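Asks: What would the 3D arrangement of this be:
(4 chains)
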4 protein chains.
Amino acid sequence: MPLTPEQQADVDGVSNAAAQPTRRATVPALEEILYQPLTVLDHGFVRVIDYMGDDAAIVQAARVSYGRGTRQVSEDRGLIGYLMRHRHSTPFEMCEIKLHVKLPIFVARQWIRHRTANVNEYSARYSILDREFYVPDREFLDARRAERRRERKGRRSEPDLFPALPKNLAAQARSNRQGREEVLPPDEAAKILAIIKSEAAREYTIYTKLLNEDAQGRAIDPDRHGLARELARMVLPANIYTQWYWKIDLHNLLHFLSLRADPHAQYEIRAYAEVMLDIVRRWVPIAHEAFVQHRLHAVTLSAAAFAVLKRRLAGEDVTEATSGLGKREWRELMAALGGAD
Amino acid sequence: MPLTPEQQADVDGVSNAAAQPTRRATVPALEEILYQPLTVLDHGFVRVIDYMGDDAAIVQAARVSYGRGTRQVSEDRGLIGYLMRHRHSTPFEMCEIKLHVKLPIFVARQWIRHRTANVNEYSARYSILDREFYVPDREFLDARRAERRRERKGRRSEPDLFPALPKNLAAQARSNRQGREEVLPPDEAAKILAIIKSEAAREYTIYTKLLNEDAQGRAIDPDRHGLARELARMVLPANIYTQWYWKIDLHNLLHFLSLRADPHAQYEIRAYAEVMLDIVRRWVPIAHEAFVQHRLHAVTLSAAAFAVLKRRLAGEDVTEATSGLGKREWRELMAALGGAD
Amino acid sequence: MPLTPEQQADVDGVSNAAAQPTRRATVPALEEILYQPLTVLDHGFVRVIDYMGDDAAIVQAARVSYGRGTRQVSEDRGLIGYLMRHRHSTPFEMCEIKLHVKLPIFVARQWIRHRTANVNEYSARYSILDREFYVPDREFLDARRAERRRERKGRRSEPDLFPALPKNLAAQARSNRQGREEVLPPDEAAKILAIIKSEAAREYTIYTKLLNEDAQGRAIDPDRHGLARELARMVLPANIYTQWYWKIDLHNLLHFLSLRADPHAQYEIRAYAEVMLDIVRRWVPIAHEAFVQHRLHAVTLSAAAFAVLKRRLAGEDVTEATSGLGKREWRELMAALGGAD
Amino acid sequence: MPLTPEQQADVDGVSNAAAQPTRRATVPALEEILYQPLTVLDHGFVRVIDYMGDDAAIVQAARVSYGRGTRQVSEDRGLIGYLMRHRHSTPFEMCEIKLHVKLPIFVARQWIRHRTANVNEYSARYSILDREFYVPDREFLDARRAERRRERKGRRSEPDLFPALPKNLAAQARSNRQGREEVLPPDEAAKILAIIKSEAAREYTIYTKLLNEDAQGRAIDPDRHGLARELARMVLPANIYTQWYWKIDLHNLLHFLSLRADPHAQYEIRAYAEVMLDIVRRWVPIAHEAFVQHRLHAVTLSAAAFAVLKRRLAGEDVTEATSGLGKREWRELMAALGGAD
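Replies: Next comes the predicted model:
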């Protein structure tokens, strides 16, 4: 259960409060889950705290930009699809969402690299962190292990800088390359998980000891002073949970999701991205559909790769040697076309 | 009347629509004016289209950052004042507002320099601009004239790069330096206004002629082709009105207002800033009060200027010569202290 | 000649100054044109004022991110192509360039919408603008006229919100749709140009009269006061030239160019983009090549459009009706494949 | 020694390379330390990798903004002081610097909250982190302990949300409140440091074991597979070192320094800020002086606090009760005036 009793009391209080009337754009499907923690990983969650705008707000903004000329447009869906396809991003910036997220610190470090958002994070300078650590389960480890094996192969045979295939092309290639031997054997996995758990427990105990403070804020040993919180936290491992309020506009959220809901992203942040994709689907269903079609599952081809396709459509039997593509781009193209190489 | 009939129909439609229930933070004082155009200058307006958060949302974000350590804080007002005084800006970023603004292009050009906002502007590439121009009235010209005179004086006597005293110190100094002779004489003002009006009318007629299109989109002269909109707009003067949707978080809005609600700002953008300050007062009254006290009307003194104050408080008779301040900074300090020099 | 005598003196001064030794990354091909105004349109220019980094700086930053795992990469070109193809944007942010640009105000208004840059613009509040206006020549007008005709067609037959085809697909479609009848007849074009010129001259004269100041800053009529600069500029049309210093990192510059060097962009800003593309080619030739191949001339296909291609490659005769694509997307796809429908 | 042998080889290579001629703005005092690691804490460093602009570039940008009106300004120092005092920030954005920084992860987490910068960080997904941990020395712990004691006091007696006095007022107050009893006794400090050291060593050993890889990349136990790097890093504590390339403009760097070179900032990040302040002094000495005088050591007073000063200067004996200030603001004001209450 990811919420502390205090957080649960907060949720209950808000949820039971009477709704207020508003003349702002309102999305009933999102109101339904407002404030509810949607669980992610073992102790994490995402909660929608507030939102501004809906699909109609995107259309409204596009129409102020394009003025009288857009009166004839009969359908919002067509317009939103057009905006997404042609990367007219400013209308999507007119929607905003605020989330409360609980996540391991190593995930938070990847997440914060997205700069166009507002953040208030729980501070371990001022407060004591809770005793909650992310521990992968077996299933996670199997997937990770497979990624690592693939990474190793790449490093040996060629300049394989990055551990995964390009986003849009990854699905098939991954299944082709993963073999049974890439999964951690059950006993090795069990040992590793036991180590991660016991080390987390050990370091939290040491953290408490350095602070010389128990969960109620009482000195453990009245004869010691205790170390400042801002220093004691140094011993805590990167899988301890933190939490933050995170506010972002829809355009930048979709950009975040295009990177983090991708098979190339680390499993743990992808788990959050997938929950957020579902939130987007409730919030702005038309924009969500356009995003999946024209961004998340779209394919971008270089001028040279597109020329190869056109030659093939014209009946020419283009090979790697005659394609003009580098080895890696050729392989990516073949993977995108269905894995046949 | 700044709204076209179509815009007025929009306003009426939304205003008469039934309010929806929401569990989000809601501000009744802001709901009251939602969608209503608040008039600015002769044809401009500001309308609140949407908002996210309230004073409590600022406190909520501050508390997630400062965690358990803040439980004892009894009062939101004290906390918001503290945050404002010490420029802890991230909690203010948790509130967001979306405005629809109609404004002259030369004002829009100053406004857009604030980069941390989302904008969708009416496009003169795609649509024909309305026949509405900003024409100052006599009162405006008097104020402008006074500013210009002051600017001239500065240029002659010393390196007076900028036309006004520092923000917080400007009020008294201004009244000291403004004299009757700085106001445009009534007949010169009347002539200037007549020119501005007639030139605006002339150029709009030429714009229409270049487009070869009347307000209903019909060709004026069926034998001519007409110039593309994106080129025809070149002849329009900078006092024609444009409009945009503008969305910004509270921290950045307050930064905008600290610069644009300042006596140093050009009158025309200040007119918008003052309307927006009033919107902020309705929306987040506690943050508004803290902003006025700790930012808008605050005084910042350099290390050297503060040392002068301390010496004076200790009874020393500090003069410009013994102050260690430059001539300009000395004058600014004296102005801040009440004009006595 | 776009430079004033004073600016020319500046250029000469800097150009003749002795070079200084530095241990920073230095690009001889860019040093060659440093400070030289590269002319654009009739009075505009772009000058490189300073730069930071080169192709090697991109590689260096990518390698700190990807650490030991990248040791095996033998070739910078392959790495930069990979980064560009997979939108790993942060290494490109490690290069920075500063330009001095002179441009018409209506172009400046489009340009400034790119927020991730630093700008210092010549201010018409403090200074008097020069008497320089953009006046298109015949060739420009022909191109504009063709665009407008296309726009009209779209508006009548379908929800054609935007006046051009998608970026990557535009080239062929444009040539197909442009006919001789879309060009402004010579006599109409001549009349329009004469109007634009004479109105610019007229309004500049009125500006001077309102200011009551000649080019040397002397009162024209000693009995009048003159209007403040910040107000007098209101009568100036949008084709008057302004200038600014503009500083941006390479990633954001390439994003700007992907939008503004595109056939869809207005001709006048495209003229600047093309000069800047050439600057990029001198500065970071490997990144430039990767950008052209993987971004500027790349094609992005939605999941549905890519499925159509795969079905065609498999021998199926896919038609618009069986494609599952909307009418517009189908047309765009056909245009990309060579116009054959 | 903070540099690995490989990094040292890089430094030596660049340092011994012949300087290249450039016509860009060049700062000899900064060239002197280019690429040299300036040590911070026990294993950290800051290295200047590249820079753009100098004091003259700030002046140049201000002059394009303020045009002819600024010709008369005789002195750059006066202009830069003016810009700093009145927060005209855009001219300072025209200078840019790129640093290579090695820092503990808990410092990196504070640092990255400054969003207006470009970053490429060493990735523990792709590479193995070095065995280097930050361990405070005795002196650091004494200072930390004092801060913590002060924080406790605050929490008990009043709504003392934040652990320190406001920036500009902190110096005296701090010395008043720090007592001998606030320093950790030598034996407790020694024990704490021993724990921090031994835990870091232990966790690094476990990290290596999970990876099943030694420093040369060889499997430790050929019968085990090893855990993926992106997961193994979870057990590493927050005092392990990471490194990044960090590029920022001067305005945003000064904003960073105004927060992080402040006594309120955590000691460890302040240590980096002080080294960077010294870099700024070498790079743009005039801007540095203006920053220290008008920002770092300036005092900002609310409207109410400034009114108190004026009443005192007029001879009135203002007390807390008659001041109209809140208790906390009164105390801050008294501290700023010299601690006499």
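
Asks: make it CA atoms for all contacts and neighbour counts henceforth
Replies: Will do.

Asks: what's the helix or strand for A:E203?
Replies: Assigned by DSSP states H and E, A:E203 belongs to helix A:186-211.

Asks: quick check, distance from that helix to the centre of its chain.
Replies: Here the centre of helix A:186-211 is set off from its chain's centre by 26 Å, with CA atoms, centre = their mean, to the nearest Å.

Asks: do the same with stretch A:265-282
Replies: 5 Å.

Asks: Can the helix holding A:E203 be said to contact chain D?
Replies: Yes. Using CA under 8 Å from any CA of the partner chain, we find that helix A:186-211 touches chain D at A:188, A:192, A:196, A:199-200, A:210.

Asks: what about the helix or strand following that helix, average pLDDT?
Replies: Scanning forward in sequence from helix A:186-211 by DSSP H and E, the next helix or strand is helix A:229-232. Taken as a whole, helix A:229-232 has a mean pLDDT of 89.

Asks: and helix A:229-232 with chain B, contact?
Replies: No. Helix A:229-232 lies out of reach of chain B by CA under 8 Å from any CA, never closer than 11.4 Å.

Asks: elements contacting that helix?
Replies: helix A:186-211 (3 or more CA pairs under 8 Å, 6 or more residues apart in numbering or on different chains; DSSP states H and E).

Asks: mind redoing it with 10 Å?
Replies: helix A:186-211, helix D:138-157, helix D:267-283 (3 or more CA pairs under 10 Å, 6 or more residues apart in numbering or on different chains; DSSP states H and E).

Asks: any idea which of these scores lowest on pLDDT?
Replies: helix D:138-157 (a mean of 56).

Asks: which parts of stretch A:231-251 are buried?
Replies: Buried residues in stretch A:231-251, defined by neighbour count with 16 or more other CA atoms under 10 Å in any protein chain shown: A:231-251.

Asks: do the same with stretch A:86-105
Replies: Using 16+ other CA under 10 Å as the test for burial, stretch A:86-105 gives A:89-105.

Asks: Those in helices, which ones?
Replies: Counted as lying in helices by DSSP state H, out of the buried residues of stretch A:86-105, are A:I105.

Asks: among the buried residues of stretch A:86-105, which are in strands?
Replies: Judged by DSSP state E, the buried residues of stretch A:86-105 include A:96-104 as members of strands.

Asks: So which of those residues reach chain C?
Replies: By CA under 10 Å from any CA of the partner chain, no member of those lies near chain C.

Asks: Who are the packing partners of the helix or strand containing A:A307?
Replies: In this structure, A:A307 sits in helix A:303-313 according to DSSP H and E. Judged by 3+ CA pairs under 10 Å, 6+ apart, the packing partners of helix A:303-313 are strand A:299-301, helix A:320-323, helix A:327-336, strand C:299-301, helix C:303-313.

Asks: got these as JSON lines, with distance to B:D55, mean pLDDT and mean neighbour count columns?
Replies: Below are the helices and strands packed on helix A:303-313 laid out as JSON lines (distance: least, CA to CA, whole Å; pLDDT from 0 to 100; neighbours: other CA atoms under 10 Å in any protein chain shown):
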{"stretch": "strand A:299-301", "distance to B:D55": "45", "mean pLDDT": "93", "mean neighbour count": "23"}
{"stretch": "helix A:320-323", "distance to B:D55": "61", "mean pLDDT": "94", "mean neighbour count": "13"}
{"stretch": "helix A:327-336", "distance to B:D55": "51", "mean pLDDT": "89", "mean neighbour count": "19"}
{"stretch": "strand C:299-301", "distance to B:D55": "44", "mean pLDDT": "93", "mean neighbour count": "23"}
{"stretch": "helix C:303-313", "distance to B:D55": "44", "mean pLDDT": "93", "mean neighbour count": "18"}
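
Asks: Among these, which comes closest to D:I112?
Replies: strand A:299-301 (31.4 Å; CA to CA).

Asks: for that closest one, packing partners?
Replies: The helices and strands touching strand A:299-301, judged by 3+ CA pairs under 10 Å, 6+ apart, are helix A:303-313, helix A:327-336, strand C:299-301, helix C:303-313.

Asks: separation between A:Q36 and chain C?
Replies: 33 Å (CA to the nearest CA, to the nearest Å).

Asks: If you could redo that for A:I97, that was the one I meant.
Replies: For A:I97, the distance to chain C - CA to the nearest CA - is 21 Å.

Asks: ok, that residue - contacts?
Replies: Counting by CA atoms under 10 Å, 6 or more residues apart in numbering or on different chains, A:I97 touches A:48-53, A:246-250, A:253, A:279-280, A:283, B:52, B:94, B:96.
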